[in-house]
Every structure is written in structure tokens, then in C-alpha cells.
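[1] how does the following fold in three dimensions:
(3 chains)
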Amino acid sequence: MTKKTDKVLMDRLASAARSGDISRRSFMHFAAAAGMTASAATGLWGTSAAAQPSRGGTFRWGVHDGNSSDTHDPGTYVTRQMIFLAHTHRSYLTLIEPDNSLGPDVATSWEATPDAKEWTFELNPDASFHSGKPVTAQDVIDSLNHHRGDASTSAAKALLTDVTDIKADGENAVVISLARGNADLPWLMTDYHFAICPSNGDGTIDWKSGDGCGPYKIESGEFGIQWALSRHDGWHGEGAYFDKVEMLILNDPNARQTALVTGDVNCVSLIELKTLALLERNPDIKVDNIPSGGAITMPMHCDTAPFDDVNVRNALKLAMNRDEIIEKISFGAATKGNDFHLSPVQPYWPEDIPQREYDPDQAKSLLKKAGQEGLSVNMSVADSVYTGAVDMCVLYAEQAKAAGININVVREPNDGYYSDVWLKKPFSAVSWGARPTPDVMFTLAYKDDAAWNESRWQNERFNELLLQAKGELDESLRAEMYREMCVLMRDDGGTIIPFFNNWVYARGKGVERGEDVAASWSCDGARAASRWWFST
Amino acid sequence: MGDILGLVAKRLGLGLIILLVISVIIFFMVELLPGDIAEAVLGQGATPENLAALRKEMGLDQPAIVRYLDWLSGAVMLDFGNSIVTGTSVSQTISERFANTLFLATYAAAIAVPISIVLGIIVALLRNSIFDRVANVATLTSISSPEFFLGYILILYLAVKTSMFPAIASLSSDMDFGDLLYRTFLPALTLVLVVTAHMMRMTRAAIINLLASPYIEMARLKGTPPWKVIVKHALPNAWAPIINVVALNLAYLITGVVLVEVVFVYPGIGQALVDAVSKRDFPVVQACCLIFAATFILLNLAADVGAILTNPRLRHPK
Amino acid sequence: MSVFVIIYYTLLLGASCLAAYFNKRSAFLLIFSLTLVSFILGIVGGPGALRSVAIAAGLLALAAMVSYAFREFLIVIASTNMAKELRTAPLTAAFGMFVIFTYAIAGIFAPVIAPFGEAEIISSAFAPADETMLLGADQLGRDMFSRIIYGARNTVALALAGTVLAFLLGALAGLLAAVNGGWFDQLIARTSDVIMSIPSLIFALLMLSIFGGELANDTTSFWLLTGFMMVTGLLVVTAVFENNIIGWAIGLAALVGVSVAFAGFMLIIFNPSEIILVLVVAVIYSPRVFRLTRAVAGNVVVMDYIEAAKLRGEKTWYLIRREILPNSTAPLVAEFGLEFCFVFLLIAGLSFLGLGIQPPTADWGSMVRENATLVSFGEITPLIPAAAIALLTVAVNFVVDWMLYRSSGLKV
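    Here you go, the predicted structure:
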């Protein structure tokens, strides 16, 4: 099976792995693509003995994006700070392991019927809430039902529309039935909204008290200010090395930075990229720069002139110098985009699609073909989209001038950007958090009838493939389908993807982490508190 | 004295009417803001269905005027209602934040007011000397740089480079008073730098303004030493404008410090207000704005009463 | 002991001896105290500290020389009367005038002076200064010097427009309220109380969020501006024509014409979102101007000469124009200087909340904010626009101080 080219590829991979240019996750990924079995690939990666974690200490964690109006309601989690807190004091059915694979949390194992329409999750009998109550099937059912039904106010409601029924199978198993097969359901359960909360017994959950079944329990705290947590001794998982966790909400980038430099906190969840290089010079501080599945997108409404012409859309895609944008806006902390919404750290990433480069001349000729020479368009953006988002669009506008395109950057107010500009203005810039699988992402934002089809893109073949791939349990067939979908997005779609932004966070002196960190959220998949430790 | 009591009663009554007008303005301004609470809470996760459900749960399906009257009927009995987003009582959420803000303002005022008045008197005495010019340039420079920037510079020199003070002013309940003063020193210092210039310049101007008056001339010709001329003769008549500008700056210390709170991560009321505006959480916005307005009205009243008390001539208006 | 230190002390001591010999008391005191301070500084900080003292003194001397030359220049070109006034100006005021003059030139002729365009990207991010880029590059690789020059134009023009509108409305209302008194006075005073009681940053945040998004278009801003001018104009018409119905009709017609023309003119200079910013600033600051004007004019109104003019049968407008205004100019001008600076800072603060000027337009406030975090690492990029703001504020207030001083009639 292994061809000669694969051998060459394998050597290259191994050397990349040695020099640290490649994460274990992508290594496994490439290796699988080259036809290697998982165990052989693991062997090739090599096992460097991981440092032995030690217990104790108070982990002071400076996190960004907190708001005094936050609540413990998992249905309306929206700020990053609440996502960090949720992963610290609550648990989920499944979780994303540091190597970005799917792992057990409250559920120990799961299996599906062959059509992927019915999934059974076995629950961990040791799992318990901070109140001491064990986690039962009823708690899980009510927690998921919190996001279903007409009265639900959850932002994750759209993710569970296919679920027809959730019922208990004894005390320690839950069966989820779907209207259509979905091979990704266990992945879906890692979504930050689906936290397991104690049931009130009447079909509702008690989210107000802040009780959870996560590694740490809340001692005291206030939304938008700070939280004090201590270890939950009955936690069902491994880890939770710190005795106490203090979470400080530091919204100002300078405050985060100085707090880390002066040692007021042990870790900060976001570094301002401008200061990245300067901060890396500090010997006491370790900066983690982790590629993620989060993307910056620039959707163009495909039903609105001039974007209704695919030549115009492709000209705009070609008129962008992504390398310069990554260098000047992300200061290198980003992965180059190729106009399809799937990042190299995510499953099913097709590596053989050629990268789209800056080509103003070709853009010009495409515009000529479309009869749109001297095109002038407005582009909406707000500072809150991404640090430097406005600058990014200004830079893009300068680059597009070489293709004879005039882009008028309009700075919209931060406040209300996602309700008044996104989905409404024909050309805007948007930031997307990572979704666990391509199916979730494509269904949310590229399917013809999706509420958030931000580019109003209608492609019959794409939608057909999307449905097919959803119920397909054969991995290689699925990968092939996703590849075709990516090509369609790249060459016909209405979304420019300049880059996938990296998670850039930093640890102070003495904070140790495992060899790999999860790429789903900043700070090791938002689980720094339960996965990291202090060196002794 | 009766005159003053009458004045205070009249002004307080007027203040209540102003508060009412402000509550109407704020309510309708928040209503006019693009987007509503439900959209703000769900953010990017909003779909038509969950928006409708959330609006119903929050009572947003009622007409605006009904919601306002509902709130007003509670507010007249000092019940400011519950936050629409979090469901907790507004007075409970805000009282602690407001106490923090008051503490910081008092701290800064306790340093800034004496310094600026004494400095103002000294520069009036040494007017047009090098000292006057230097004090002038220094204070003008400090008010003319944006306050968040001033904060960053103080952090750089006093926290990062020399680690004399903590860079962030996070509070916890088990701190003693000295610790509290130590932790909040940098934000207080930033505020002092911001307000000192205005008060000092006004003190200086108010005193210099009087120096051309005949009675000062007389005192000077009598051979009274310059410092005595200023402290004994000019200052008593200059109190009114000084008290006015002090009141204005005290109001600023309470109402205008959002940016300083952000920079130093200080849990004050300004941050709560900005957060509430971004979430369209009307009862919280309303409560914060009314507290600010009441502060402003009371300080203004105090300034006027102070001016009357220090100037016997104003006690008997013609 | 380096050569520098020896020269340093020789110069200082020589200068103080010379000053003492020629009986220049204040100069001697200054130089000699500097010498004494230098001894301590030299011991504590070494030659480095002395060097910075020397540089600071050099800069000060340079500024003093420039101011002196500029004052003489103004005296030469001004008319005799003006020249007489100018001769009394202290060096600080001359320095202030020089800075304002420089900024005005930079603002007006920005496209000629700036070597590069305001949005032109010419090098890598944060490139250091070289001969083509005097101050280095900003975060996108745009020339910092050019952006500072353009920033003078945008920021100063906006702040100036906002302050002027605030003064038009506030001062007119204050003067009328002082002259008319009664319910008119009460109404305006209470309205201004309401606006002043709402914190300015929050008020601006609310107003700009309402008018900032969809509504920031040519039509809306045109009507808002026309409306603002109509309100201001109504005050003038009330004062000029009082109870004369025909006059009112003519006045109203003229007013509509002037307002529309003015709004059209403003739309040529500024874009819609900037006009809304200017209006919000004007609404926030006019109550403060009103209060001051009302207080100052209130003191003038009770004077005997006003009583006499009233008995002569003079109209309100005459009283305002010929009697009250000339006697309250000084405090108003002083207030204008301070308010101008506050408006400046408010606009900078608003851009902190993402509500300021549209990119890629350069304004100093956003230039400070965009790179503010770099300060913690000792980078000077954000200090340059901050220094530009500070310099202008200090300069304006130097001039204002001089005017206040003149008006106080103090001759010492």
C-alpha cells in the first residue's frame, strides 16, 4: 500500500516532527493520509517522557472578555470568560483531549446504531456534583433538554434541531435519537453550551446556583470581576493538580500583560499580538502560539450585486495578500487561509488543495470578464471583531488597489455589530470560534437554508454532499466528500478567509503543561486549570 | 440660616424633577439603541426562535411605555427592580460597586484637593516665576494626555520597572485598610493627576483675579507681606469659584472614571454601566445613571451652599 | 570625569558668574540653583542624568529663542495697536502662538507637507526612523510623520468645529437667559442641568450608538445639523426681533437659508459620521458654556450702565452685542481654550470605545490608543501622538493665560 512518494512524505514528516514544526495532531493526520496505521504513527512520533505533574498551589488565571451581565445559564454563555469558567467548574459528556482527539468526560463510552440515528452514552458512575449528589441520567437529559423545545432560550438550540428524543437507559446511560443520521454527535457534545447541570427533578436544571460536576467548585466570585474556586475532591477525571484556582477578569490588554510580567497572575488567556515579540524576550514568560480552528471570514452576499458574479468574488479573493496580513495584523500568529472554512488542526482537512496566492493581475482580468473594472465596494468592520480588524481591512483595501478595486472600509460601532451589521451588510468581516467538526461548521454557516448563511451562498452540489457526509460512518469516504466541498467553497463560495487565528496565551514562571495542548479554545481547550501544574 | 434651608429644600425638589426627566431620557435612549437585550445576550448565537423565546421570558413583548411605568412605580419606592439579563436585584448588584467607586473617589480627592489648593495658592503667590511656569506646564501636560495613557505610563514606571505598587487593583474582602490603600494607589494617583490641574488653575485664577481690587492694593500698601495678602485677604473672597470647581471635579471622580477602572481592573460602577449598556440591560443602566445624576446634583448643591456660607454677602440676596 | 561633565559645569558656573556680574538677579538664581541641583543629580545619576538635564535645558533654550523670534516677527508684521499688545506677551504666550501657528500651517497644507499619503503603506510594521521616514512607521507600515501631519488636520478641525458649535449655542443661550431672565432663564438652566447630570462619556456612547450605525448617512446628518443651526438661530431671531412679527418672518426665512447652506458646507468638509460626532460633542459641552456665560453675563447685567441702556430703550440684541459681550469676552475666551482641550480628550476617549473617526483617517486619539500597550515595553510609538496632543493643549492654555492676565487688569 505504501507508495514511494509516501515514503518521502513520511521522512519529511518525521524531520518536521523532530524540529517541532508540526504538532502531534497534524503529524498523526498527515501520517494517516500517507497510509500509516495509528499505532505505527504514534511509534514514529516517539515518546518523550512527560514531566511528572505535582499537586498544590493557587493558580491565578487572568482571562479576557468578561462582562458584569454574564450568568451561569449555559444556554446564554457568550463571553470567553464564561467559557473558561464553564470548563473549570462544570463537565460535559465528552471532551477534546490535548491531542485534539475526542475523549471521555461524564460519558465513559458511546456507540451508535449503523445508521448513526441512535446514540447511547454510558455515564461515569463516579461523577458527582459539588453538592455531593451523583450525576444521573436524569441530570444529563435535563441539561440537554435545556437547549431544546419551544421555550428554550439557548443559543445552542440550532445544534440540537435534529434530536427527536433523549431518554434514560437505566441510571447510568442516556440514549439520544436523531431524525437524521449524524456521525459527529459525540463531537457535538463538547460544545461549551452543553454543560451538565443538576436537575431540579421537574425537567428543568438548576443553573443559578453555579453547582457543577467539574474539577473545581466555586467558593465565591462576581461576574465580570473575579472568581475563587477550590478543588472538587470527588471529581471523576484525572488532573486538577492545583489546590485553588483564582480567575481574574482582565479585559484591558495592557492590564493582562503587566499582571503577567509583575507576577500578579500565573497565566493570561490572550496576548495582544503587537507585543508578542517583545513579550517573548522575557525569559520568565512562556508564550504558547497554538494554531486553532477559529477563523476570520469576510462574507460577501452572493445574491447582491456585484457579488452575485463568481468572477467578482474570486477577484476579491485574489486581491488579498494574505502573507502581508498575517505578518502585519497577526504578527505571524495565524495560519494562512485558503477560502474554505476548515483549518489544518481540524479533522478531515484536505491538504492537497492548492493555496490561493495574491495575484492582482488575474483579479484584474477576472473583473474585466465580469465587466466590473474599477469596482468599488463598501466593507463593514468593527474593532471588536479581532484585534486589528479595522487595520486588516485598511491593509486589504491598499492591496486591492493594485487590482483596480476600491474598497471603502466602514468602521461600525462595536456595540451591536453582530445584530446590525453581520448578515445585513453585503460585505463585512466576522470572527468565528472553532467548531469541533466540518459538519457543524458547514451546517451552521454555509448550508443553503442556515440562519447564519452569512454569504447567502446557494450551491446545490455542496448541500447534497453535506447531507450525505453527515450520516456516513466510513471515514475515507467522508474525507473525500469534505474535500470536494472545500474545493466548491474555495472556487465558488462567497467567503474570503484570510487566516485562521492562533490562540496566543502566556504562562508565567513555574507553570507547566503537558506536551500537547487542545486547540479547541485558548489555554489548553479552556481546561488549563485542571490540566496544568506548578513545577516544584 | 433659614434662607439656606429653604434654598436646599427648593433645590432638592428641583433635583427630583431632574432625575425623573433623566430617567425618561435614558429609558428612551436605551430603547433607541440598535438591537435589544435578547439580541445582545445571545450575540452571534441568536436565531429567530430563541430570540422570540428569550424576549418573552424577559417581558420585552410588552410595549415600551408599559415597561417604563412598571419600572417607575417600583423606583419611586426605591426599588430599582431586577436586572433583566441576570435576574438579580439591581440595588444589590450595584451597591458594592458604588461603594468601591466612592472609596476610590474619596482616596483621590483626599490627595488631590489639598494639594491643588495649596499649590494654587503658592503659584498665585509666586506668579510668573519659574516655579509657576513649571507647575503650569506639568499639570497641563498631565490633563492633556488621555487618562488611560497616563495610567499605562504610571504602570510602566511604578509597577513593571520598579514593582513599587501592584499593576492591577483587584480587591478581595479579606484586605485590611492599609492593604486596600496600597493596592489602589496607582488608580488613585492617575485620577489625582487628571483632576489636580483644573482645580489648581482655578484656585490660582480666582486669587489673581482679586489681586487688582482696591482692597488688596490697600493691604499691600499697608505693608502686609505678600503671603498674608493672599491667604488673609484674597482667599476668603475666592472661595466661591474654588468650591465650584472642586465640586465639579469631585463629580468627575465619581462619574467619569470608566477608563481608569478598565486600565486598572478596578471593580467600580463605571464598568458595570458600560457592560449594562452593551447588554441593553435597562434597569442597571437606569440605576447607574440616576446615581451619577444624583451625585452631580448633590455636589452642585453643596457647592452653592458652601459658596453662600463662605461669603456673607450672598447670604442676603437683594 | 568625562570631558562632557567638565564642560557642563564650566558652562553653568561661567553663566551664573556672568549673570551675577550683570546684576540679572532672576537669571542668576535660576542658573545657580540648576548648578547646585546638578551636583546632587550628578552624584546620584551619573553623567547620564546630567546629559538629560543638558538636553532639557537646551530644548528649553531653543523653545525660548523660537518664541522670542516669533514674537518679534509678529510685532514687525502687525499693525501698531496690535504690536503694542503683543509686546506685553510673555515668552510662554509667544511660544503658545508659535505652536498654534505651526499646527495651523501643518493642518492646512497637510497634503503638501506630508511626504506620504495618510493611508499609504510604505514599509514593514514599526520600521525604525530613517531619512525617508522621520518618525518611523506605525503598526501597518505607514509613515508616522505623515499621519501626525494629517492628524493635525482631522483632529483639530473636528475639535474646533465641536467647540465652536458648543460655544455658539451655549453662549447665545447664556446671554439671552441673563438678559431676559424669568421662565426662559429657568427653562434653559434646567435643561442644561439635565444634560450635565448625565456623564459625558455615557451620553456620547448612547448618542453615537443610536446615530452611529445605519443613521450615519448624508441625509440624517444634514437634517441633524440643520436642526441644530435652527435652534441656535432661533435664539438670535428671538433676540433681534423680539415682538416684531414681520421681522420674525423675515428672520425665520433667512435662518432656514443660512442653516441649510451651513449644513451643506459642513457636509463638504466632513463625512456624515464626523458631523454626528461634532454635534454630539456640541450638545454635551454647550451646557457648560451656558453656565459660565450665564454667570459672567449675570454679573454684567446688574451694572448701572446696562440699566441706563435699558431705560434708553435699547433692544436685547443691542445690549448683548454692544454692552454685555465686550465686558465678558476674557472669561469666555479662557473657557474656550480649556473646553477645546476637553473636547480633544473626549474624542480620544471615544475612539477608546471604538466610536471615533473612520479609518484610515488619522487622528491622534486613535493613534495613541492603537499602540498604547507598547508603552509597557518602553516603545515610543504611542508617545508621539500623545505628545502632539499635550503640546497643543499646553500651547493653547499659555495663550489663554496671557489673555486672562491682561483682562484681570493686574499690572504687577
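
[2] what's the closest non-adjacent residue to the residue of chain B found nearest chain C?
    Here chain B gets closest to chain C at one residue, residue B:144, 3.2 Å apart by Cβ to the nearest Cβ. The way it works is simple: take the backbone N, C-alpha and C, and place the C-beta from them, glycine included. Once flanking residues are discounted, residue B:144 sits nearest to residue C:393: 3.2 Å by Cβ to Cβ, 6 or more residues apart in numbering or on different chains.

[3] likewise for residue A:298?
    Nearest one to residue A:298, counting by Cβ to Cβ, 6+ apart, is residue A:496 at 4.1 Å.

[4] in which helix or strand does the one you found reside?
    Taking DSSP states H and E as the criterion, residue A:496 maps to strand A:495-501.

[5] report whether whichever helix or strand comes after that strand contacts chain C.
    Using DSSP H and E, the helix or strand that follows strand A:495-501 in sequence is strand A:503-507. No: residues of strand A:503-507 are not located near chain C by Cβ under 8 Å from any Cβ of the partner chain, the shortest gap being 13.6 Å.

[6] tell me the contacts of the residue nearest to residue B:132 when sequence neighbours are not counted?
    Nearest non-adjacent residue to residue B:132, counting by Cβ to Cβ, 6+ apart: residue B:123, 4.6 Å away. For residue B:123, the contact set (Cβ atoms under 8 Å, 6 or more residues apart in numbering or on different chains) comprises B:131-132, B:135-136, B:200, B:204.

[7] picking up where we left off before, got a list of what the residue nearest to residue B:144 touches?
    B:140-141, B:143-144, C:341, C:344.

[8] before we move on, back to that, is it correct that the residue nearest to residue A:298 is in contact with residue A:314?
    No: using Cβ atoms under 8 Å, residue A:496 is not in contact with residue A:314; the gap is 9.8 Å.

[9] next one: the spatially closest residue to residue C:271 that is not a sequence neighbour from residue C:350, what distance?
    Distance criterion Cβ to Cβ, 6+ apart; nearest residue to residue C:271, sequence neighbours excluded, is residue C:358 at 6.6 Å. Computed as Cβ to Cβ, to the nearest Å, the residue C:358 to residue C:350 distance reads 13 Å.

[10] so for these two, which sits in the more crowded spot?
    Between residue C:358 and residue C:350, counting by other Cβ atoms under 10 Å in any protein chain shown, residue C:350 is the more crowded of the two (22 against 19).

[11] quick one: pLDDT of that one?
    Confidence at residue C:350, expressed as pLDDT, is 75.

[12] could you point out which element follows the helix or strand the residue nearest to residue B:132 falls within?
    Assessed by DSSP H and E, residue B:123 sits inside helix B:90-125. Going down the chain from helix B:90-125, the next helix or strand is helix B:130-144, by DSSP H and E.

[13] touching that following helix from outside, list them.
    Applying Cβ under 8 Å, 6+ apart, the set of residues contacting helix B:130-144 from outside is B:119, B:122-123, B:126, B:150, B:193-194, B:196-198, B:200-201, C:26, C:30, C:92, C:341, C:344-345, C:389-390, C:392-394, C:397, C:401.

[14] again, 7 Å this time
    For helix B:130-144, contacts defined as Cβ atoms under 7 Å, 6 or more residues apart in numbering or on different chains pick out B:119, B:123, B:126, B:150, B:193-194, B:196-198, B:200, C:30, C:92, C:341, C:389-390, C:393-394, C:397.

[15] can you flag the buried ones in those residues?
    Among the contacts of helix B:130-144, those classed as buried by 16 or more other Cβ atoms under 10 Å in any protein chain shown are B:119, B:123, B:150, B:193-194, B:196-198, B:200, C:30, C:92, C:341, C:389-390, C:393-394, C:397.

[16] which ones among these map onto helices?
    B:119, B:123, B:150, B:193-194, B:196-198, B:200, C:30, C:92, C:341, C:389-390, C:393-394, C:397 (DSSP state H).

[17] so what's the model's average confidence on the helix or strand where residue C:246 lies?
    Per DSSP H and E, residue C:246 falls inside helix C:245-269. Taken as a whole, helix C:245-269 carries a mean pLDDT of 85.

[18] what of stretch C:90-110?
    89.

[19] and residue B:215, how far is that from chain A?
    For residue B:215, the distance to chain A (Cβ to the nearest Cβ, to the nearest Å) stands at 53 Å.

[20] ah, wrong one, I meant residue B:213
    49 Å.

[21] might you report the residue contacts of that residue?
    Listed by Cβ under 7 Å, 6+ apart, the contact set of residue B:213 is empty.

[22] and the next element down the chain from the helix holding residue C:246?
    Next along from helix C:245-269, by DSSP H and E: helix C:272-301.

[23] can you state the direction angle for that next one and helix C:245-269?
    140 degrees (axes from the mean of the first three to the mean of the last three Cα atoms, to 10 degrees).

[24] hang on, residue A:177 is in a strand, isn't it?
    Yes: applying DSSP: H, G, I helix; E, B strand; the rest coil, one finds residue A:177 inside a strand.

[25] for chain B, what's the nearest residue on chain C?
    Here chain C gets closest to chain B at one residue, residue C:393, 3.2 Å apart by Cβ to the nearest Cβ.

[26] residue B:145 versus that residue, what's the distance?
    Separation of residue C:393 from residue B:145 (Cβ to Cβ): 9 Å.

[27] go on, residue C:310?
    48 Å.

[28] and these two? Which one has more around it.
    residue B:145 (23 against 15).

[29] which residues touch the more buried one?
    C:386, C:389-390.

[30] and what of residue B:21?
    residue C:194.

[31] can you classify it as helix, strand or coil?
    Going by three-state DSSP: residue B:21 is helix.

[32] quick check: residue A:435 touching residue A:441?
    Yes: at 4.3 Å, residue A:435 counts as touching residue A:441 under the criterion of Cβ atoms under 7 Å.

[33] with neighbour numbers in mind, choose between those two.
    residue A:435 (26 against 20).

[34] and what about that one, helix, strand or coil?
    Residue A:435 ends up coil, using three-state DSSP.

[35] quick check: domain ranges of the chain?
    All of this is about chain A. Split into domains by automatic domain parsing, chain A comes to A:3-49, A:214-291+A:503-534, A:295-501.

[36] please refer instead to chain C.
    According to automatic domain parsing, the ranges for chain C are C:3-64, C:153-407.
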